[in-house]
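Enquirer: sequence isn't available, so here's the structure alone:
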């Protein structure tokens, strides 16, 4: 008991000693004093709290679902959504072989103990080996996750549209707003969407850069998804002309690496890859196609976080190339633009306790009943070509919902040094602006502190 108390004191001392060094970024001090910024809306806070699909897209979706008689598919859409959220990664061959070897050893010992190690003929040995292999196979079937691709026929596409369009659009708007907020002068001219599905990626980029993008390149293995996405953009009517001239759809990644895109997006798509090798090969191809930003988004489960972190580590550990006087963005160099304030190994991954995820609220579709406010968790990373600018503030990120109490607020932060820190902000140890900024922050915000 005494040892536990000492440990608690040690942790609290560590938190408080760290917190005394935190204060508002000096570059923002005057802006706060002149009331240009207010603590409740400090520059690190997320600007989009709740999102709903644009009215014109909602109208098209409603028309399509009504014409398709999709009301009867509502319960099936809920089952599909639950399955997608609970999905695990496909087991790797090496892991299966290791598990099979352990089971084989155990079963062999059990069989041999029953027959007292008395095998007198080759026929008996062959018979017992077959019995052992059959037992191993049956045990493996029960203990190895049965992964498989989701086949998106017309019915399944409609189910996906009902269940996943609203949360995925909201999440993508929240993620892309990080680019819009932190890189105000950025105007993408091209957009590449890998695993484009019903087209939520296109709706999201058009929320910010509709007048700037001249090419949309969408890749999805399901032709039914392509047809549905195109129909939505055409207001749900077959006889309406496509509103975007530079809108292209393909079922496979193009082999050419010459064309690059300002924003490359992979949202909720890497789970369709059969193994890690294929996922990393896909990430390499997407990174080769990236001119500025590569955005990876998955569901906020442990498995989804693993996929996002896998992509992050792969890109950040690619061989670095020296700066050329021509164009740095043609190199493999990249850094974590968001949400990470560092390029170190993710401390959440090292911790192995909870995934690095965030919460986004959204309005459900007005189908088959009235819309409601719901929420979904997601994991993401935005990787940017080039090297991290020397003036990047690298503000700490709030990675869990702050605990607000009378006179103090507890924030769990991911810092520029690649550490997780639990910081206690109090009136007695911090200036008013720092304290109020911490108290007003939400899960996923940056704290504008140094």
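Expert: That came through fine. Remember, predicted model here, so these are calculated numbers, not experimental data. Numbering: from 1, shown residues only.

Enquirer: need the pLDDT of residue 1.
Expert: Looking at residue 1, its pLDDT is 37.

Enquirer: point out where this protein drops to low pLDDT.
Expert: By pLDDT under 70, the weakly predicted segments of the chain are 1-20, 115-120, 322-331.

Enquirer: helices of that one, start to end?
Expert: Along the chain, counting by DSSP state H, helices occupy 2-19, 29-33, 55-67, 74-86, 93-114, 122-143, 154-182, 200-209, 223-233, 276-288, 302-316, 347-351, 432-440.

Enquirer: take those and lay them out in TSV including distance to residue 189 and mean neighbour count.
Expert: Heads up, the C-betas are built off the backbone N, CA and C, glycines and all. TSV is the format used below for the helices of the chain (distance: least, C-beta to C-beta, whole Å; neighbours: other C-beta atoms under 10 Å):
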stretch	distance to residue 189	mean neighbour count
helix 2-19	43	11
helix 29-33	32	15
helix 55-67	23	17
helix 74-86	32	14
helix 93-114	42	13
helix 122-143	50	12
helix 154-182	14	22
helix 200-209	9	23
helix 223-233	19	20
helix 276-288	18	17
helix 302-316	22	21
helix 347-351	34	15
helix 432-440	36	20
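
Enquirer: minimum distance to residue 388: which of these has it?
Expert: Among the helices of the chain, the nearest to residue 388 by C-beta to C-beta is helix 302-316 (10.8 Å).

Enquirer: who are the packing partners of that closest one?
Expert: Helix 302-316 sits against helix 276-288, strand 290-299, strand 334-338, helix 347-351, strand 373-385, with contacts defined as 3 or more C-beta pairs under 8 Å, 6 or more residues apart in numbering; DSSP states H and E.

Enquirer: hmm, back to that, distance to residue 403 added to the helices of the chain, as JSON lines?
Expert: Compiled in JSON lines, the helices of the chain are given as follows (distance: least, C-beta to C-beta, whole Å):
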{"stretch": "helix 2-19", "distance to residue 403": "12"}
{"stretch": "helix 29-33", "distance to residue 403": "24"}
{"stretch": "helix 55-67", "distance to residue 403": "37"}
{"stretch": "helix 74-86", "distance to residue 403": "26"}
{"stretch": "helix 93-114", "distance to residue 403": "38"}
{"stretch": "helix 122-143", "distance to residue 403": "39"}
{"stretch": "helix 154-182", "distance to residue 403": "23"}
{"stretch": "helix 200-209", "distance to residue 403": "32"}
{"stretch": "helix 223-233", "distance to residue 403": "42"}
{"stretch": "helix 276-288", "distance to residue 403": "36"}
{"stretch": "helix 302-316", "distance to residue 403": "22"}
{"stretch": "helix 347-351", "distance to residue 403": "18"}
{"stretch": "helix 432-440", "distance to residue 403": "11"}
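
Enquirer: nearest approach to residue 361 belongs to which of the ones you listed?
Expert: With C-beta to C-beta as the criterion, residue 361 lies closest to helix 154-182 of the helices of the chain, at 7.2 Å.

Enquirer: still on that earlier bit, to residue 359, which of the helices of the chain lies closest?
Expert: Closest of these to residue 359 is helix 154-182, at 9.6 Å (criterion: C-beta to C-beta).
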